[in-house]
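S.K.: Kindly return the folded structure for what I paste below:
(one chain, ligands or ions: 1)
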Amino acid sequence: MKKLFLAVLMLGPAVGLRAEDGHQLWLRPHVSVPVTVVLPARTSALLATARQELQQGWQGPAGATITLSLKKDKAIKYDGFRLSAQGVQASTERGLLYGVFELLRRQQIGQAPEAGLSNPSYEHRLLNHWDNPDGSVERGYAGKSIFWRKDSALVVTRRDQTLWQQYARANASVGINGSVLNNVNASPVILSAGYLGRVKAIADALRPYGVKTYLSVKFSSPVLLGGLKTADPLDPAVVKWWQGKVKEIYQQVPDFGGFLVKASSEGQPGPQDYGRTHADGANMLADAVRPYGGLVMWRAFVYSPSDKDRAKQAYNEFVPLDGKFRDNVIIQVKNGPVDFQPREPFSPLFGALKKTAVMPEFQITQEYLGHAIDLAYLAPMWEECLQSDTYQAGPGSTVARCTNGSVYRQAHSAMAGVSNVGLDRNWTGHDFAQANWYAFGRLAWNSSAKSAQIAEEWLKLTFQNAADATPAAEAEWNAKFLTPVAQLMLASREAIVDYSMPLGLHHIMSATYHHYGPGPWWAPSGMRADWTPPYYHQAAANGVGFDRTRTGSDAVSQYHEPLASQLNDPATCPDEYLLWFHHLPWTFRMKSGRTLWDELALHYDHGVQQVRQFQRTWDRAQPYVDAERFAAVQNKLRTQSGNAVMWKDACLLYFQQFSRLPIPAAVEPPMHTLEALIKYDTPAPRPARQP
Ligand code: GCW
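M.R.: Residues are numbered from 1 along each chain as shown. This next block holds a predicted model:
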């Protein structure tokens, strides 16, 4: 008893706040006010959801009447909506639901219920789950899959259904309208009758929230599952097999969204195995789903060890195919040309494919940004990509505009995010990783939204309490919690870039399967060069960085002018991309006047100092956060802080072997030895892939 008393005392001011485990996300329940809801004269599960949300979340005038009306209106695009004092107007039921969530969000964060139109930037706003049928999640850091578990194909429990429904509701609240339920490294079993039964159960749970179901498919499924001799997309038996399979799927899920395909990529089978092109493969599947209104999202994540510069390959393979894809195919392109690194320039495919729909793929799960250990708010990274100017159709042809239908005519537009959701009680492992799920939805809805605004919204929804609502308490909460913690979030991704891969360095993480922590040295003998960090940093006595200039791999020429020339010249190439495009001497004079070596060292050090600053900010936020979430984030920041030092020490000591220059006096001296760090990074066994 005494012990408990002491513990309570030590918890300090936060003791008054109800413990929270994060399961409610940004949708924490609050006392609602009575409201009358008038619905269109038809019944549907989606309309019932909209009414229920209004009734359980209304915080406006007591006894108000809110009308949800379905009306065609040329100004309303896709699932957009119009808000007014009377209620919500939309041309789809989904639009009504999104309008309801917007209304409730505004009430909760104390924003005036602004009247007006809100249209989504993209037609399809999708989460991609890299979940395997055995329940594991590739690059998942929040526990096992919410959809699959070993031997679970046919058993759907009440718990499953509740979770799927909560998941769908969270998606709907930020406008996400589709989920790909399984890994792009797809197992053929997902298309077997047993699994399709479970897909139907999931689709039934997601539908009332307007979330469509999609599947990733393995290109060789006709062989592996269907017993055919080939998966050649031009073989009539293969075409017929897919047609039959598609029919079977639509019998179970009449509003099935379509397929996501990783083919002829990283060992996955594909049309190239049969001497066919990506277009042949994609079009065959597109024709199969077309009668049902389905889509094919075909990934452009392709590279092979034969290419001298991995960053060039997707462009080289896909640009010649421009215009050859059916209009229900969308080419899904990762934000950068290599692979979700902490910072990459935008992929040159954006804007270069002019007669083919292209959709950006972002990674919400933090494969290269610290898993569920490091605090990384990713909206600034996505905003940076979406707002990059490709110049492909003149100045202002940003990545966002080249993909959302503003620049090129395209039948469909979409944006995908690789989900960070798992069975962990708080869904995403790190309480702040929830912000990335939230931000992805908000940016897919409005590709011009600002990271700062999204962070503030999310913080208010996720951490503010009714007790903070009096004017004095709110002013204090804003000054002592909201402002500093929002700043922390906004600086968090850059801090990771600084302590891991500053100035355009990339892919120098530990390349053992986990991808966490430093590994600039990692190059076991016999390993494919393009899977090892030295291939990317090229550190040597004469300097560091990958030469992608016109005299190097010439990747710069995949960008449109004036960008190509700007990137090609180290004097005009932005510092953030310098070592992505240039191999430069250690003593190269930077724009700051410092040498490259000193600048590099200062960036590493700054990253470390930043994380320590985050720790102090969070410690001061303690009075405003419930004890459970406070301690969870505090512990993670402590681990991150130690790991940031490892990154800095590892990279500086490793690169110093080549630069042979002293670590600047302003930089904290290393506390580890290079030998110890290399030993620490012992390869973990690579888990077996799905068949
Ligand atoms: O980043 C790499 C990951 C793989 C992933 C692949 C991809 C699903 O390390 O785990 O596989 O990208 O995007 O296909």
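S.K.: wait, Leu321 sits on Ala279?
M.R.: Yes. Between Leu321 and Ala279 there is a contact under C-beta atoms under 8 Å: 4.8 Å. Any C-beta I mention is one placed from the backbone N, CA and C, and that applies to glycine too.
S.K.: The two: who's more crowded?
M.R.: Ala279 (23 against 18; other C-beta atoms under 10 Å).
S.K.: Torsion angles phi and psi at the more buried one?
M.R.: phi -60, psi -40 (degrees, to the nearest 10).
S.K.: Now do the contacts for it.
M.R.: 321, 324-325 (C-beta atoms under 8 Å, 6 or more residues apart in numbering).
S.K.: Skipping its backbone neighbours, what lies nearest Val35 in space?
M.R.: Ranked by C-beta to C-beta, 6 or more residues apart in numbering and with sequence neighbours excluded, the top spatial neighbour of Val35 is Trp58, at 4.0 Å.
S.K.: And that neighbour, its phi and psi?
M.R.: Given degrees, to the nearest 10, the pair of backbone angles that Trp58 has is phi -60, psi 130.
S.K.: secondary structure class for the closest residue in space to Leu461 that isn't next to it in sequence?
M.R.: Closest residue to Leu461 apart from its sequence neighbours, by C-beta to C-beta, 6+ apart: Trp26 at 3.9 Å. Following DSSP: H, G, I helix; E, B strand; the rest coil, Trp26 is assigned to coil.
S.K.: Tell me if I'm right that Trp26 and Tyr438 touch.
M.R.: Yes. Using C-beta under 8 Å, Trp26 makes contact with Tyr438 at a distance of 5.6 Å.
S.K.: List the residues that are in contact with both of these two.
M.R.: In terms of C-beta under 8 Å, 6+ apart, Trp26 and Tyr438 are both contacted by the residues Trp458.
S.K.: Make a markdown table out of the contacts of Ala279 and add distance to the ligand and secondary structure.
M.R.: Supplementary listing: the contacts of Ala279 in a markdown table, determined by distance: C-beta to the nearest ligand atom, whole Å; DSSP: H, G, I helix; E, B strand; the rest coil:
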| residue | distance to the ligand | secondary structure |
| --- | --- | --- |
| Leu321 | 19 | helix |
| Lys324 | 23 | coil |
| Phe325 | 20 | coil |
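S.K.: And the residues you listed, which is closest to Leu677?
M.R.: Leu321 (44.1 Å; C-beta to C-beta).
S.K.: list the contacts for the closest one?
M.R.: By C-beta under 8 Å, 6+ apart, the contact list for Leu321 reads 277-279, 356.
S.K.: go on, Asn420?
M.R.: So Asn420 contacts 140-142, 364-366, 372, 428-429, 433, 436-437 (C-beta under 8 Å, 6+ apart).
S.K.: Report the buried members of those.
M.R.: 140-142, 364-366, 372, 428-429, 433, 436-437 (16 or more other C-beta atoms under 10 Å).
S.K.: can you narrow these to ones near the ligand?
M.R.: For the ligand, no contacts are drawn from those by C-beta under 6 Å from any ligand atom.
S.K.: of all these, which comes closest to His537?
M.R.: Closest to His537, out of all of those and judged by C-beta to C-beta, is Gln366, at 21.4 Å.
S.K.: Wait, the closest one touches Ala433, no?
M.R.: Yes. The criterion here is C-beta under 8 Å, and Gln366 meets it with Ala433 at 6.9 Å.
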